[in-house]
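[1] 3D, please:
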Amino acid sequence: HQQQGLAQRERALVESAYMAARQTELLNHADVARSLIAPLYDTKREDAAIRAEALRLLGAISYGIDGYYFVFDTGGRNLMHPRQPELVNQDLWDLRDTQGVPVIRELIARGHEGGGFVRYLWQKPSTQTLTPKIAYAISLPRWNWVIGTGLYLDDIQATLNLVDQQIDDNVNATMRWIAGIAVLGVLIIGGSGLVLNLS
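    Predicted structure coming up:
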């Protein structure tokens, strides 16, 4: 029981450290987006051309296999999504994932708060499967934009499954040792009793 309790604490610690690292990584990606479009945003121009250039720049950069940026207006209309272009110009305000999370509303709310994280399920581009994701959103108030980027979390599940397997293996090995020692103890005690009786 103590070993299982220790295993649960170890699993929680691994998950917590992993999520902290992922959140730090997302904050860095958000800073990249800010830096990239700051020269355009800081011009104070409001015309369509400057906004189109900002969307082009954000759509052109990616990181890793499944890392990208997406942009919504504050009403929930998708302005740019490089991996799912079919979403562009769609009103996604009421979009919910399969667990009922109002994804776009939450991202916009976090953006209005000055930046924040949202966890939800989304289609992973490389596998085309619904995958847990954590995203970070920031806002550009003058343009009424929310810029987001996210990381998929299926690799943490694989890591946690490996931790669980190692823990199970350790528990089973410990139980085998306990059983072996118990059997040996019974044999020694029984043998000693037999020797005493015979003598």
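[2] The lowest-mean-pLDDT helix or strand in the chain packs against which elements?
    Least confident element among the helices and strands of the chain, by mean pLDDT, DSSP states H and E: helix 154-198 (a mean of 82). Contacts defined by 3 or more C-beta pairs under 8 Å, 6 or more residues apart in numbering; DSSP states H and E place helix 154-198 against helix 2-41, strand 129-140. Yep, even glycine has a C-beta here, placed from its N, CA and C like the rest.
[3] And the average pLDDT for the first one is what?
    It stands for helix 2-41. Average pLDDT, helix 2-41: 88.
[4] Now do that helix: which elements does it pack against?
    helix 48-60, strand 129-140, strand 145-152, helix 154-198.
[5] now with 10 Å?
    Applying 3 or more C-beta pairs under 10 Å, 6 or more residues apart in numbering; DSSP states H and E, one finds that helix 2-41 contacts helix 48-60, strand 69-73, strand 116-124, strand 129-140, strand 145-152, helix 154-198.
[6] Pick the most buried one from the helices and strands packed on helix 154-198.
    Mean neighbour count (mean count of other C-beta atoms under 10 Å) peaks for strand 129-140 among the helices and strands packed on helix 154-198, with a mean of 19.
[7] now that strand and helix 2-41, what's the angle there?
    50 degrees (axes from the mean of the first three to the mean of the last three C-alpha atoms, to 10 degrees).
[8] Could you find the residue nearest the spatial middle of this structure?
    The structure's the chain has its C-alpha centroid closest to Leu153; by C-alpha atoms, centre = their mean the separation is 3.6 Å.
[9] Return the residues in contact with that residue.
    Glu15, Tyr18, Met19, Arg22, Arg119, Leu121, Lys124, Thr131, Pro132, Lys133, Ile134 (C-beta atoms under 10 Å, 6 or more residues apart in numbering).
[10] Over to Asn28?
    Tyr63, Tyr136, Thr149.
[11] Leaving out the residues flanking it, which one is nearest to the first one?
    Pointing back at Tyr63 there. Leaving aside its sequence neighbours, Tyr63 sits nearest to His29 (C-beta to C-beta, 6 or more residues apart in numbering; 6.6 Å).
[12] Trp143 touches Asp42, doesn't it?
    No. Look at Trp143 against Asp42 with C-beta atoms under 10 Å: they stay out of range, at 11.9 Å.
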